[in-house]
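J.: Provide a 3D model corresponding to the input given below.
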Amino acid sequence: METERRSFVAECFWPGVSEDDVHALDERVRACLADDVVYRGSMLIRQDEVVLCEFEGTPAAVRGLAERAGVPFERLLETAREERTPDA
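T.: Here you go, the predicted structure:
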């Protein structure tokens, strides 16, 4: 069983998606959260009708949360992020 927390994006191809749909999705995800997953929020790409939901946790925990919350994802992709700091 994997225990290392990693970052993931749930990629949702969602024809006809609206900002209200994304808001409702965010509320469902937050209502299903447990200690093993952090939800970083979502991003709507209007032109492509795609929603990206960002999570941190183990692959199994993230997938389980997304399924319980009804996230309509096609793919769950592991991600990496570079944190930039302002020049001092």
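J.: What helix or strand is the residue most central in space within the chain located in?
T.: Central residue of the chain (CA atoms, centre = their mean): C53, 2.4 Å from the mean position. Here C53, judged by DSSP states H and E, is contained in strand 50-57.
J.: Need the residues that contact that strand.
T.: With CB atoms under 8 Å, 6 or more residues apart in numbering as the test, strand 50-57 has contacts from 5-14, 17, 22, 25, 29, 36-45, 62, 65-66, 71, 73, 79. Yep, even glycine has a C-beta here, placed from its N, CA and C like the rest.
J.: in its sheet, what does it sit against?
T.: Strand pairing for strand 50-57, determined by DSSP bridges: strand 6-13 (antiparallel), strand 37-45 (antiparallel).
J.: name the helices or strands packed onto the very next helix or strand once past that strand?
T.: Per DSSP H and E, the first helix or strand lying C-terminal to strand 50-57 is helix 59-68. Packing partners of helix 59-68 (3 or more CB pairs under 8 Å, 6 or more residues apart in numbering; DSSP states H and E): strand 6-13, helix 19-32, strand 37-45, strand 50-57, strand 75-79.
J.: what comes up buried for the shortest one?
T.: Using 16 or more other CB atoms under 10 Å as the burial criterion, the residues of strand 75-79 that qualify are L76.
J.: Comparing the strands paired with strand 50-57, which comes out most buried?
T.: Greatest average neighbour count among the strands paired with strand 50-57 goes to strand 6-13 (a mean of 19), per mean count of other CB atoms under 10 Å.
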